[in-house]
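*Asks:* 3D model of this:
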Amino acid sequence: MTHVKKLTIHGFKSFAPKTEITFGNGINTIVGPNGSGKSNISDALCFVLGRLSAKSLRAQKSKNLLFMGSKYTKPAKEASVELVFDNTNNTFAMPSPEVALARIVRRNGQSIYKINNEVKTRGEVLETLAQAGIDPNGFNIILQGNIQAIVKAHPEERRKIVEEVAGISIYEMRKEKSLKELDKTEERLNEISTILRERTSFMKNLERERADALRFKSLESTVKRCKASILNRKLEEKQKELDGIKNSIQEKIKQKDKIKEQSENAQREIDSLNEKINQINKHIQKSTGIEQETLHSSIANLKADIEGIRVRKENHENRRVEIENRINQLKKSIPDFEREISDLRNKSPLMAKKQEEIKKKKQELSEIQEQKKTVYTLKTQLSALKERLKDKENQLAVLNNESESTLEKLDELSLELKYKDEKQCRESAKVLSAELDKLVLSLDAFGESEIKNEKILSIAESQIQEAEKIKEKVNEIDLCPLCQTKITQEHINHVFQDCDLKKKKSSELIESSKQELIEIKKSRVSLQEKIRELKENISVSEKELARHKSIEEKKAYIKKILEQQDLLKKEVLEFDKKRESLEAKTFDASRIEQDYSDKLREIEEISSRTEENVDASLSFKERELERMHEVIKNSLKDLNSTEESIDDLSSSFEEKSELLEKKEDEEKKLTEKFKQLFKDRDEIQEKVKDIGFKSSELRTSWSQIDDQTNYLKVGNAQLDAQKEAIEMELKEFAGMELIKASQAVLEDKLVKAQDSLNMIGSINLRALEVYDQLKEKYDKVKERSDYIEREKIEVLKIIEEIDKKKKKTFMRTFTAISDLFSENFSRLYTKGRAYLELENKENPFEGGIDIAIKMAKGKYFDITSLSGGEQTMVAISLLFAIQEYKPYHFYIFDEIDAALDKRNSLRLSALLRQYMKNGQYIVITHNDAIITDSNVLYGVSMHEGISKVLSMKLD
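*Replies:* Numbering: from 1, shown residues only. The predicted structure follows:
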């Protein structure tokens with residue numbers, strides 16, 4: 001629950017300067033002498049809570065609430081009071097922990113309300129207080145002299161107090177609202193009932209006129225439905241014919257598209273076959289010239305190379321056998337020579353010196369042999385390089401032949417050209433194609449114009465026929481279909497003039513359309529001839545474009561050949577340089593041979609010089625053994641070299657043999673290929689002729705289908721015009737329900753309906769519209785009357801339910817308060833007991849509440865016969881009974897104990913202590929017992945007309 005935390009008074013009554021009073025929970029007692037301004041504090045509390053009556057605040061007017069001034073202090077211009085509530089429990093629907101309520105009043109009577117320093121209206125302030133259950137006129141605020149008001153109040157006022165405590169005001173509000181709704185409902189019900197009675201008699205007469213009008217409208221509708229059904233049948237027949245023609249046109253278009261696709265496929269196939277023929281011709285020309293010659297040359301060279309390799313291989317193999325035999329023989333002889341030399345060495349002491357010198361010379365001889373080997377390798381490389389150089393020169397000659405042959409063919413193709421290059425030819429073909437597209441569009445436009453004119457012709461003819469029909473039928477009808485009046489001669493003349501005018505306009509339109517059709521057909525023939533010529537020119541341009549492409553390809557081929565020639569020439573130059581370098585290196589071969597011979601002679605001389613001192617036989621044996629070792633060594637080298645050469649020659653022989661076999665196969669295939677190519681070319685050319693013949697037949701079929709399509713389109717336009725004419729007539733009967741019957745039945749029904757229609761007299765067609773409008777209003781009124789009646793019953797039910805809930809809640813509250821009142825009174829007054837009594841127990845809201853006092857002797861006393869103190873105790877008992885049943889946040893008691901003696905004051909103090917444990921009480925009193933039991937004591941004094949406050953905590 002909330003409580004008052006602080007009260008700030010400034011300029012209000014006797015509180016001239018700003019005065020701040022802090023209140024706590026429990027009993028806050030305000031004391032002071034009479035006239036010191038104690039009650040001004042309670043007045044300030046009521047003022048800030050929103051009380052409007054100045055008299056209830058002990059003032060004549062609002063301006064009397066302001067400080068009036070004193071000897072030393074000026075009067076206040078405005079009075080302000082601020083009251084701060086604790087909101088830590090969110091009693092108020094605000095987020096702040098405190099709620100500050102302020103009110104300012106000025107001398108002109110204007111009041112300003114604020115909540116947390118925001119200006120608000122009094123209604124907003126009361127609404128905020130109501131959220132916390134605070135009422136500025138509530139029973140928790142008892143001002144000075146008002147304690148006995150509850151006792152002296154009228155019984156019905158006391159009943160209203162209990163009603164307020166019970167919280168049944170919400171039921172009263174609902175009931176009051178429901179009663180107001182009930183009054184309004186009954187008032188509306190009476191008004192509607194009066195209107196309903198007046199309209200019922202009028203509706204009966206109107207219904208009779210409406211029945212006659214409905215019969216007329218029914219017959220008129222039948223006539224229109226019959227006419228609409230007849231026209232619809234004609235329209236369906238025309239639509240069927242149109243659908244048939246449209247299907248035929250679509251079928252023709254599909255055939256045309258199919259033929260077009262076949263023709264395009266045939267042309268693509270012809271182009272593809274011609275391309276194949278060109279490729280075959282190119283291949284034959286190329287193969288017969290360069291390819292065949294190259295193959296012959298390659299085969300001859302390969303055969304010569306293979307034969308040379310075979311001979312060289314045989315020579316090397318024979319040499320390998322000879323070397324192996326020589327090595328084997330020498331190896332067999334060496335052991336015998338070594339044995340003999342060993343024996344001879346034992347006999348010759350000079351042999352060691354000779355052997356050392358010979359060893360040195362042999363070392364030099366070995367170095368010269370290595371140089372010989374290098375020279376031999378260079379010679380081999382030189383020989384291979386010469387062969388490669390010869391191959392490159394042959395390739396260069398072949399490329400020269402190909403280049404010359406291609407140039408000759410290029411010159412032949414250039415002689416047949418009309419345009420100088422491919423770009424000019426392509427632009428010419430593009431221009432011709434654009435012109436062809438324009439002509440085709442023009443041809444289509446002529447076709448559309450022809451269809452349009454045919455449609456105009458058909459419509460005009462239909463209009464003429466329709467005009468003739470109208471002229472024939474106008475004499476047969478008696479009633480005008482437009483104005484529903486009798487046909488006169490003036491009507492007939494007007495119709496005839498209108499029909500003749502339409503016929504004249506239609507005839508002129510037919511003549512002009514026919515003349516335009518003749519011109520269109522002439523233009524179409526001329527355009528078709530131009531299109532044929534353009535197609536031929538485009539075909540010629542496309543063929544020449546193909547030749548230009550072939551020339552460009554040949555030029556690119558020549559460019560490629562020239563690049564290959566340049567590359568080969570560079571390779572030939574490089575090979576020449578390498579050959580010259582190798583020849584220079586092999587120039588010293590004779591010198592190396594000479595050095596080798598000289599070294600051999602030196603070794604022999606050394607050996608011969610020793611023959612004079614050594615045995616001739618030993619010397620011979622040693623030289624022979626040395627020679628044998630040298631021969632074996634050289635033979636092994638020769639053998640390895642020979643085997644390598646044999647392997648190389650074998651590999652080269654196999655490669656050359658495989659290549660020769662491949663080239664010979666190519667030569668055979670080329671020979672067969674030429675025969676097959678000629679055969680394939682003839683077959684393709686024959687196929688091109690057949691496809692060309694079929695393509696020509698397709699173009700003829702295309703033209704025939706095109707003519708048939710145009711004929712169908714003309715027929716379609718005529719039918720479409722007739723259909724539009726019927727649709728125009730049918731628009732007059734838009735929305736009419738059609739009759740499903742045969743043509744004869746419909747026409748018979750139409751005649752009968754028209755006869756019946758002519759026999760009907762005067763009709764008030766306005767009755768239909770008026771009846772519908774009035775019936776709609778009547779139904780709405782009737783429906784509204786029923787609804788209001790139901791609404792009245794519902795309101796009565798609600799009122800009954802409210803009364804039940806209201807009485808139940810009231811009785812529950814009354815019983816509880818009466819019991820608490822009796823209990824409180826017994827504590828304060830021991831000589832008797834008091835209780836509350838209803839004046840009307842059956843219906844408590846039709847009577848009031850009396851206070852019954854029963855003394856100990858069994859006598860009942862009227863409340864007004866009690867003394868002032870006794871009345872005060874009765875009022876306090878009832879007040880605390882209400883407080884216990886429905887506790888308030890705070891209580892303000894201004895001298896409620898004024899009429900009590902000391903003993904009863906003590907009893908009141910004890911009762912206050914019981915009820916003031918959890919609540920907040922602000923009490924103005926002179927009672928010492930109450931002052932003693934207070935939590936906080938506030939002393940009020942006055943000096944020169946200004947009140948001052950001092951506070952003191954007692955607990």
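*Asks:* and the nearest residue to residue 91 once chain neighbours are set aside, which of the three is it?
*Replies:* Of all residues beyond its chain neighbours, the one nearest residue 91 is residue 2 (4.1 Å), with distances taken as CB to CB, 6 or more residues apart in numbering. Yep, even glycine has a C-beta here, placed from its N, CA and C like the rest. At residue 2 the chain is in coil, as set by DSSP: H, G, I helix; E, B strand; the rest coil.
*Asks:* in contact with residue 2, which residues?
*Replies:* 85-87, 89, 91-92, 99, 132, 889 (CB atoms under 8 Å, 6 or more residues apart in numbering).
*Asks:* okay, and which of those residues map to strands?
*Replies:* 85-86, 99 (DSSP state E).
*Asks:* turn these into CSV, including pLDDT and distance to residue 535.
*Replies:* Listed next are these as CSV, based on pLDDT from 0 to 100; distance: CB to CB, whole Å:
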residue, pLDDT, distance to residue 535
85, 92, 105
86, 90, 106
99, 92, 100
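*Asks:* any idea of the pLDDT on residue 566?
*Replies:* Note on residue 566: pLDDT of 72.
*Asks:* and for it, the neighbour number?
*Replies:* Close neighbours of residue 566, defined as other CB atoms under 10 Å, add up to 10.
*Asks:* so it is in which element?
*Replies:* Using DSSP states H and E, residue 566 maps to helix 489-585.
*Asks:* picking that back up, which of the ones in strands among the contacts of residue 2 are buried, as a PyMOL select command?
*Replies:* A single PyMOL command is used to select the members of the ones in strands among the contacts of residue 2 judged buried by 16 or more other CB atoms under 10 Å:
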select buried, resi 85+86+99
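*Asks:* out of the ones in strands among the contacts of residue 2, who's nearest residue 194?
*Replies:* residue 99 (56.5 Å; CB to CB).
*Asks:* partners of the closest one in the sheet?
*Replies:* Residue 99 has these beta-bridge partners by DSSP bridges: residue 85.
*Asks:* thought it was touching residue 89?
*Replies:* No: using CB atoms under 8 Å as the test, residue 99 is too far from residue 89 to be in contact (11.6 Å).
*Asks:* quick one: low-confidence ranges for the stretch 201-350 of the chain?
*Replies:* 281-305, 307-308, 311-312, 315, 337, 340-350 (pLDDT under 70).
*Asks:* and residue 164, how far is that from residue 157?
*Replies:* 11 Å (CB to CB, to the nearest Å).
*Asks:* what's the answer for residue 888, then?
*Replies:* Taking CB to CB, one finds residue 888 at 19 Å from residue 157.
*Asks:* out of these two, which sits in the busier spot?
*Replies:* Under the neighbour definition other CB under 10 Å, residue 888 and residue 157 were set side by side, and residue 888 has more, 18 against 13.
*Asks:* could you pull up phi and psi at the spatially closest residue to the more buried one that is not a sequence neighbour?
*Replies:* Using CB to CB, 6+ apart and skipping the chain neighbours, the partner closest in space to residue 888 is residue 140 (3.8 Å). Here is the backbone geometry of residue 140 (degrees, to the nearest 10): phi -80, psi -10.
*Asks:* okay if I get the contacts of residue 2 as CSV plus distance to residue 52?
*Replies:* Putting those into CSV (distance: CB to CB, whole Å) gives the following:
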residue, distance to residue 52
85, 21
86, 26
87, 26
89, 30
91, 24
92, 22
99, 21
132, 20
889, 22
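*Asks:* check what pLDDT residue 106 gets.
*Replies:* Residue 106 is given a pLDDT of 90.
*Asks:* now the one 10 residues further on
*Replies:* Turning to residue 116, the model gives it a pLDDT of 91.
*Asks:* show me the contacts for residue 738.
*Replies:* 225, 228-229, 232.
*Asks:* can you verify it is assigned to a helix?
*Replies:* No: counting by three-state DSSP, one finds residue 738 to be coil, located in no helix.
*Asks:* how about stretch 798-816 as CSV, C-alpha atoms only?
*Replies:* Taking C-alpha atoms only, stretch 798-816 is exported to CSV below (Å, rounded to 0.1, in the frame of the first residue of the first chain):
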residue,chain,number,x,y,z
ILE,A,798,-28.9,-7.7,-18.2
ILE,A,799,-30.6,-5.4,-15.7
GLU,A,800,-32.1,-8.4,-13.8
GLU,A,801,-28.6,-10.0,-13.6
ILE,A,802,-27.1,-6.7,-12.4
ASP,A,803,-29.7,-6.4,-9.7
LYS,A,804,-29.0,-9.9,-8.5
LYS,A,805,-25.2,-9.4,-8.3
LYS,A,806,-25.6,-5.9,-6.8
LYS,A,807,-27.9,-7.2,-4.0
LYS,A,808,-25.7,-10.2,-3.2
THR,A,809,-22.6,-8.0,-3.0
PHE,A,810,-24.4,-5.3,-0.9
MET,A,811,-25.8,-7.8,1.6
ARG,A,812,-22.4,-9.5,2.0
THR,A,813,-20.8,-6.1,2.8
PHE,A,814,-23.6,-4.9,5.0
THR,A,815,-23.5,-8.0,7.2
ALA,A,816,-19.7,-7.8,7.6
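*Asks:* in it, which residues are buried?
*Replies:* Buried-residue list, stretch 798-816, by 16+ other CB under 10 Å: 798-799, 802, 806, 809-810, 813-814, 816.
*Asks:* tell me which of those fall in helices.
*Replies:* 798-799, 802, 806, 809-810, 813-814, 816 (DSSP state H).
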